[in-house]
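Asks: Make a model of this:
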Amino acid sequence: QVLVHWASSKVKKLEEDDKSVLDAIVEKLKSIPGISYAEIASTAYKYGRSKLATRLLDFEPRAADQVPLLISMEQDELALKKAIESGDTDLMYLVLLHIKRTKNVQQFINTISRQPEALDMFISYCKEQEPDLLPELYAAPGQENRALSYKFYTSFQQSNVVEQIASFEKIAASLPKEQVFEKSVAQEQAALLSLQRSLDNTLADSNVKFVGLTVSQTLHHLIVLGANKQVQKVRETFQVPDNRYWWIKIKALASIPAWDQLFQFSKHKKSPVGLAPFAEVCLEADEINEAVKYIPNIS
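Replies: You can find the predicted model right below:
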């Protein structure tokens with residue numbers, strides 16, 4: 001404490017330049033453990049020596065002492081950097097929430113977007129606490145993929161299927177032609193929801209709600225319902241590969257169960273997935289007699 005008092009007196013001597021004071025203090029204290037550089041830096045700041053205070057804090061080993069003082073010195077970005085380096089999430093949140101409270105939204109986003117770890121942390125916070133801020137956060141440079149993911153997410157959260165379809169169509173229309181994959185995904189999702197909406201209307205007595213299912217799940221239920229025309233439409237619209245379709249149909253027929261239909265399907269044409277899947281679904285249902293129809297021909 002005596003040495004801290006000496007160093008604090010040293011920074012009060014305004015006639016000495018910052019470098020000389022810093023060098024003298026560091027030289028005298030460098031071998032002394034437990035010295036509070038934060039206390040010395042606080043004195044320097046009170047005497048109008050903010051640059052010296054900032055440099056003194058570089059020697060403060062305790063982030064919990066370093067960060068709050070940097071905040072009080074209005075060194076927000078440096079405080080955030082030190083909090084991140086410390087790995088202390090409580091300190092990081094302390095700085096983030098302070099910056100959010102003292103700056104406007106755009107200044108806040110500009111500040112944290114320069115610190116990727118801080119941006120990641122605040123996005124996680126907003127997902128739980130302030131989802132309304134997410135669109136502005138995702139507008140930050142380098143967040144294009146996240147922004148698109150968020151648009152897909154919010155499209156699924158629309159209150160009804162008509163709004164969902166419109167939202168995905170809007171995403172597809174907004175994407176440049178270079179983003180072929182993303183554009184295709186948005187278009188296909190809009191098409192799937194539109195088709196599922198139609199299925200929910202035409203097959204209303206089936207007790208199956210199609211909206212929200214995947215293509216594979218949609219096919220599965222249609223096969224179980226025997227809606228062959230609609231099955232073919234889904235296959236063609238979404239270009240379902242033969243391998244995938246055969247797996248879906250095998251499992252769907254087994255779930256009914258419709259063993260005769262399954263056997264006839266196996267003889268329909270050469271199976272692109274072989275005969276092992278046919279035997280497997282039979283064995284899973286303990287239908288040994290059905291399984292033996294396929295086992296001799298499994299290659």
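Asks: what residue ranges in the protein score low on pLDDT?
Replies: For the chain, the stretches flagged by pLDDT under 70 are 1.
Asks: Show me the helices in the stretch 51-200 of the chain, by range?
Replies: 63-72, 76-86, 89-102, 105-113, 116-128, 134-138, 144-156, 161-174, 180-202 (DSSP state H, counting those that start in this stretch).
Asks: Nearest to residue 31, out of those helices?
Replies: Set against residue 31 and scored by Cβ to Cβ, these come closest in helix 63-72, at 19.9 Å. Quick note: C-beta positions are derived from backbone N, CA and C, even for glycine.
Asks: Which strands and helices lie in contact with that closest one?
Replies: Helix 63-72 is packed against helix 37-46, helix 50-57, helix 76-86, helix 89-102, with contacts defined by 3 or more Cβ pairs under 8 Å, 6 or more residues apart in numbering; DSSP states H and E.
Asks: Of all residues in this protein, which one is nearest the centre?
Replies: residue 146 (7.1 Å; Cα atoms, centre = their mean).
Asks: just to revisit the earlier point, can you convert the helices of the stretch 51-200 of the chain into TSV and add a column each for distance to residue 55?
Replies: Shown next, in TSV, are the helices of the stretch 51-200 of the chain (distance: least, Cβ to Cβ, whole Å):
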stretch	distance to residue 55
helix 63-72	12
helix 76-86	11
helix 89-102	20
helix 105-113	22
helix 116-128	23
helix 134-138	33
helix 144-156	37
helix 161-174	48
helix 180-202	48
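Asks: Identify whichever of the ones you listed lies nearest to residue 48.
Replies: Residue 48 lies closest to helix 63-72 among those, at 14.2 Å (Cβ to Cβ).
Asks: sorry, back to before: the residue nearest to the centre of the chain: what's it in contact with?
Replies: Residue 146 makes contact with 123, 138, according to Cβ atoms under 8 Å, 6 or more residues apart in numbering.
Asks: now do 6 Å
Replies: If you count contacts by Cβ atoms under 6 Å, 6 or more residues apart in numbering, residue 146 has them with residue 138.
Asks: rewinding a little: just the helices and strands packed on helix 63-72: most buried one?
Replies: The highest average neighbour count among the helices and strands packed on helix 63-72, using mean count of other Cβ atoms under 10 Å, belongs to helix 37-46 at a mean of 22.
Asks: now the angle from that one to helix 63-72?
Replies: 10 degrees (axes from the mean of the first three to the mean of the last three Cα atoms, to 10 degrees).
Asks: Just list what helix 37-46 packs against, helices and strands only.
Replies: Packed against helix 37-46 by the contact rule (3 or more Cβ pairs under 6 Å, 6 or more residues apart in numbering; DSSP states H and E) you find helix 2-11, helix 50-57, helix 63-72.
Asks: that older thread, mind checking the helices and strands packed on helix 63-72 for the one nearest to residue 198?
Replies: Of all those, helix 89-102 sits nearest to residue 198, with 45.9 Å by Cβ to Cβ.
Asks: List the contacts of that closest one.
Replies: By Cβ under 6 Å, 6+ apart, helix 89-102 touches 63, 67, 71, 76, 79, 80, 83, 108, 111, 121, 122.
Asks: Now with 10 Å, please.
Replies: With contacts defined as Cβ atoms under 10 Å, 6 or more residues apart in numbering, helix 89-102 is touched by 63-64, 66-68, 70-72, 74, 76-86, 88, 107-109, 111-112, 115, 117-119, 121-122, 125, 130, 133.
Asks: can you give me how far stretch 192-207 is from the chain middle?
Replies: Here stretch 192-207 is found 31 Å from its chain centre; the criterion is Cα atoms, centre = their mean, to the nearest Å.
Asks: Tell me the buried residues in it?
Replies: Of all the residues in stretch 192-207, those buried under the rule 16 or more other Cβ atoms under 10 Å are 192, 193, 194, 195, 196, 197, 199, 203.
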